[in-house]
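Participant: turn this into a model:
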Amino acid sequence: MRRDEGQSFSARVKQELIHLPLGKPCCMLSEIAALTQTSGHLSMRGGGSFSVSWRVENAGVARRLFLLLKRRLNVTPVLHFIQSPRLGGQRTCVLTLTGEDARQLLETLHMMETDETGTLRLRHMVPRHPLTRICCRRAFFRAAFLGAGTMTNPERGYHLEFQAGDGHLTHTLSRMLEKSELPIRTYERMGQTVLYLKSGQQVADMLALMGAGQSVLEMENIRAARQLRATATRAANCDEHNGERALDAALSQVEAIRQIALRQGLFTLPPALREMARLRLEHPELNLREIGERMDPPLGRSGVNHRLRRLMEIAAQLDAEDEKKEPKERRDT
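Facilitator: Just a heads-up that it's a prediction; the model follows:
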């Protein structure tokens, strides 16, 4: 996918997510559930029927939702546009399901059920789709970001947030982020809860969870450039030979950790190695003793060196696995 450098970083992330494959049926339903919670509206119509509509400003998100509904539930929403006289006449895409199509959606998302008398009744105002599989949680994060997420350009800082319109979405996202070992923070803005990640590594892990691999690589390149500038300034005040040797080792370690983050995500590492990877990425200028002092609990030079060697070995194993795959891919082609 070609990335438009004129877009904001957040818009480029969404552009990448929009073009990802729709995935398995369970994942498609997870995306529908997330977009329903972030952008959906439930209305009562005459005769006791319901309609469901989604309002999204991004035409690409509307197109993805249209395909999700069509391929997963075999329903076709009506699409129209609303042009606001404010905000420069910005157009909002509106997709609407009515009648049997709306009923099928509500039943599939466990929002509507048939009681003992055979009468359909509304049970929940928000989806109750189970999110027990990691693939479904990834899909939910992806669609939640498309519907209610944004992030700061890494050149200026690290900040990724979800604007939760209600307590249900806040609870769902908080619970899933906790399962993914990403400590979420919250604050109130204009009467709505905002969930956010502030650490650079946490933001990178979130992008990896959503499947935005290109964005992870772009962000890591920006992070590395920022860190190297800081490292170069500090290294200038150190002994030239020792400083260069330590810097080369640190850069090799940073590159190895970046490859692990890009290929499988740092959240897959054991807690001790994940903490070490985070500290090395955030502080490539520190020596082994200084890194050990920042550990909780503190760790000696030999312990720090052992964990960094282990991270280098994991990166080397990933390289070896890629080399084994290449001959097979050539034979297949």
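
Participant: the nearest residue to Ala59 once chain neighbours are set aside: which element?
Facilitator: Leaving out its chain neighbours, the residue that sits closest to Ala59 by CB to CB, 6 or more residues apart in numbering is Cys93, at 5.8 Å. C-beta: built from backbone N, CA, C; applies to glycine. Cys93 is part of strand 91-98, with elements assigned from DSSP states H and E.

Participant: what's the helix or strand just after that strand packed up against?
Facilitator: Elements were assigned by DSSP H and E; along the chain past strand 91-98, the next helix or strand is helix 99-108. Helices and strands touching helix 99-108, by 3 or more CB pairs under 8 Å, 6 or more residues apart in numbering; DSSP states H and E, are strand 50-56, strand 112-114, strand 120-122.

Participant: touching the last one from outside, list them.
Facilitator: Among residues not part of strand 120-122, those counted as contacts by CB atoms under 8 Å, 6 or more residues apart in numbering are 50, 103, 106-107, 111-115.

Participant: again, only this time at 7 Å
Facilitator: 103, 111-115 (CB atoms under 7 Å, 6 or more residues apart in numbering).

Participant: neighbour-wise, which of those residues leads?
Facilitator: Met111 (21 neighbours; other CB atoms under 10 Å).

Participant: how close does that residue get to Ser53?
Facilitator: Distance, Met111 to Ser53, using CB to CB, to the nearest Å: 14 Å.

Participant: what do you get for Lys24?
Facilitator: 26 Å.

Participant: one more: Val304?
Facilitator: 55 Å.

Participant: who has more neighbours, the two?
Facilitator: Neighbours per residue (other CB under 10 Å) separate Val304 from Ser53, with Val304 holding more: 24 against 18.

Participant: list the residues that contact Arg137.
Facilitator: The contact partners of Arg137, taken as CB under 7 Å, 6+ apart, are 131, 176, 180.

Participant: now with 6 Å, please.
Facilitator: Neighbour list for Arg137: 131, 176 [criterion: CB atoms under 6 Å, 6 or more residues apart in numbering].

Participant: quick check: longest helix of this structure.
Facilitator: Longest helix in the chain by number of residues (criterion: DSSP state H): helix 301-332.

Participant: mind listing what's buried in it?
Facilitator: Neighbour-count burial for helix 301-332 flags 303-304, 307-308, 311-312, 314-315, 318 (criterion: 16 or more other CB atoms under 10 Å).

Participant: average pLDDT for it?
Facilitator: For helix 301-332, mean pLDDT rounds to 81.

Participant: with stretch 16-23 instead?
Facilitator: On average, stretch 16-23 scores 93.

Participant: send me that stretch as CSV with only the CA atoms.
Facilitator: What follows is stretch 16-23, C-alpha atoms only, in CSV (Å, rounded to 0.1, in the frame of the first residue of the first chain):
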residue,chain,number,x,y,z
GLU,A,16,-3.1,1.0,6.5
LEU,A,17,-5.7,-0.6,8.7
ILE,A,18,-8.5,0.0,6.2
HIS,A,19,-6.6,-2.0,3.5
LEU,A,20,-5.9,-5.0,5.7
PRO,A,21,-7.6,-8.3,4.8
LEU,A,22,-11.1,-8.7,6.4
GLY,A,23,-9.9,-12.0,8.1
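
Participant: who's in contact with that stretch?
Facilitator: 1, 28, 60, 64, 142, 146, 211-212, 214-215.

Participant: re earlier: tell me the one among the buried residues of helix 301-332 nearest to Leu73.
Facilitator: Leu318 (38.2 Å; CB to CB).

Participant: ok, the closest one touching Gly265?
Facilitator: No. At 11.9 Å, Leu318 does not count as touching Gly265 under the criterion of CB atoms under 6 Å.

Participant: name the helices or strands packed onto the longest helix of the chain?
Facilitator: helix 240-263, helix 271-282, helix 288-294 (3 or more CB pairs under 6 Å, 6 or more residues apart in numbering; DSSP states H and E).

Participant: roughly how far is the longest one from the heart of the chain?
Facilitator: In this case it means helix 240-263. The chain centroid and the centroid of helix 240-263 are separated by 26 Å, computed with CA atoms, centre = their mean, to the nearest Å.

Participant: tell me which other helices or strands that helix touches.
Facilitator: helix 213-235, helix 271-282, helix 301-332.

Participant: what is the burial count for the closest residue in space to Ile184 that isn't next to it in sequence?
Facilitator: In this structure, Ile184 finds its nearest non-sequential neighbour in Leu177, 4.6 Å apart by CB to CB, 6+ apart. Neighbour count for Leu177, taken as other CB under 10 Å: 20.

Participant: return the distance of Leu177 relative to Cys93.
Facilitator: 28 Å.

Participant: picking up where we left off before, return the most buried member of the helices and strands packed on helix 301-332.
Facilitator: Of all the helices and strands packed on helix 301-332, helix 271-282 has the most neighbours on average by mean count of other CB atoms under 10 Å, namely a mean of 18.
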